[in-house]
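Asks: Pasting the sequence and the predicted coordinates here, then a few questions.
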Amino acid sequence: MRSASKSQLNKRQRYLQVALNSTLDDAQNIIEQLPLSDRIIVEAGTPLIKRYGAEAIRKISYWYTGRLAQAGEKIFPYIVADLKTMDRGSTEVEIAAQGGASAAIALGSAPIETINSFIENCEKLGVDAMIDMMNVEYPINVLGKLKKLPPVVILHRGADEEEFNKEKQIPLHEIRRIKGAYDIMISIAGGDTIREVQRSIFNDADIVVVWKTVFQSTDETVGLIEDFLKQIK
């Protein structure tokens, strides 16, 4: 079985990834209330990065690192920069690394040359490469063309797909197909209900991404994250 490049994540553990897509104020409020857990990953989402640039990555890294330090917790602050890189793979990895990101995301629909460059530069800079297979019909075919496997593959039903195509399902069936061929971690994005989180974990996902229920900071946000975290076992 072909193995992926080494990751900062523990393959024997499952994670909840909290994607922050609204404003930096909302992001800070949510981070300050996050449960203290080594199973939580914090993401600087694409809309946040487009709105604030690399500053979004730096701020989230600073706030989350500080949150864990103030609580006296010896937990590694794992930050994902959702760049959705489509070209200039090496350059965008540098932006993520300089911002303090632990991982960066490129699109699986990008040219193979871009993905290879992205993964190579991630490894050089100590950043985990994550490849988002949204709108890729056969993710395993993309993986087979790569010089080196990324630590994480994301199987993703997009927000617009979910809204405008109610029959579109999260591609959970791809998990076992990919894991049958590659020793790699799988992240599932596009499901934001307790039931969808449970289904992802039942189908052997390693990471489950939620964003809709934590889009803005509300009185219910922390309770929702705690409920999701209970499902990630």
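Replies: Sure thing, it's come through.
Asks: now residue 114: how far from residue 40?
Replies: Distance of residue 114 to residue 40, given as C-beta to C-beta, to the nearest Å: 30 Å. No exception for glycine: its C-beta is placed from N, CA and C like everyone else's.
Asks: residue boundaries of the helices in this structure?
Replies: Using DSSP state H, the helices of the chain run over 24-33, 46-52, 54-70, 89-98, 112-125, 139-145, 159-164, 173-181, 194-202, 221-231.
Asks: Could you list the low-confidence segments of this structure?
Replies: Residue ranges of the chain with pLDDT under 70: 157-169, 191-192, 211-219.
Asks: Columns distance to residue 105 and mean neighbour count on top of the helices of the chain, output as TSV?
Replies: Shown next, in TSV, are the helices of the chain (distance: least, C-beta to C-beta, whole Å; neighbours: other C-beta atoms under 10 Å):
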stretch	distance to residue 105	mean neighbour count
helix 24-33	17	18
helix 46-52	8	18
helix 54-70	12	19
helix 89-98	9	19
helix 112-125	9	19
helix 139-145	14	15
helix 159-164	15	13
helix 173-181	17	14
helix 194-202	18	17
helix 221-231	20	16
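Asks: Which of those helices sits closest to residue 18?
Replies: Across the helices of the chain, residue 18 has its closest neighbour in helix 221-231 (6.3 Å, C-beta to C-beta).
Asks: what distance separates that closest one from the centre of its chain?
Replies: Here the centre of helix 221-231 is set off from its chain's centre by 17 Å, with C-alpha atoms, centre = their mean, to the nearest Å.
Asks: I'd guessed residue 117 sits against residue 92; true?
Replies: No - shown here, residue 117 and residue 92 do not form a contact pair, counting by C-beta atoms under 8 Å, at 9.8 Å.
Asks: Could you save the helices of the chain as a markdown table and add columns showing distance to residue 81?
Replies: Converted to a markdown table, the helices of the chain look like this (distance: least, C-beta to C-beta, whole Å):
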| stretch | distance to residue 81 |
| --- | --- |
| helix 24-33 | 13 |
| helix 46-52 | 7 |
| helix 54-70 | 5 |
| helix 89-98 | 4 |
| helix 112-125 | 11 |
| helix 139-145 | 21 |
| helix 159-164 | 18 |
| helix 173-181 | 23 |
| helix 194-202 | 22 |
| helix 221-231 | 20 |
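Asks: Can you tell me which of those is nearest to residue 8?
Replies: Minimum separation from residue 8 across the helices of the chain (C-beta to C-beta) falls at helix 112-125, 11.0 Å.
Asks: can you give me how far that closest one is from the chain middle?
Replies: Taking mean C-alpha positions (C-alpha atoms, centre = their mean), helix 112-125 and its chain are 17 Å apart.
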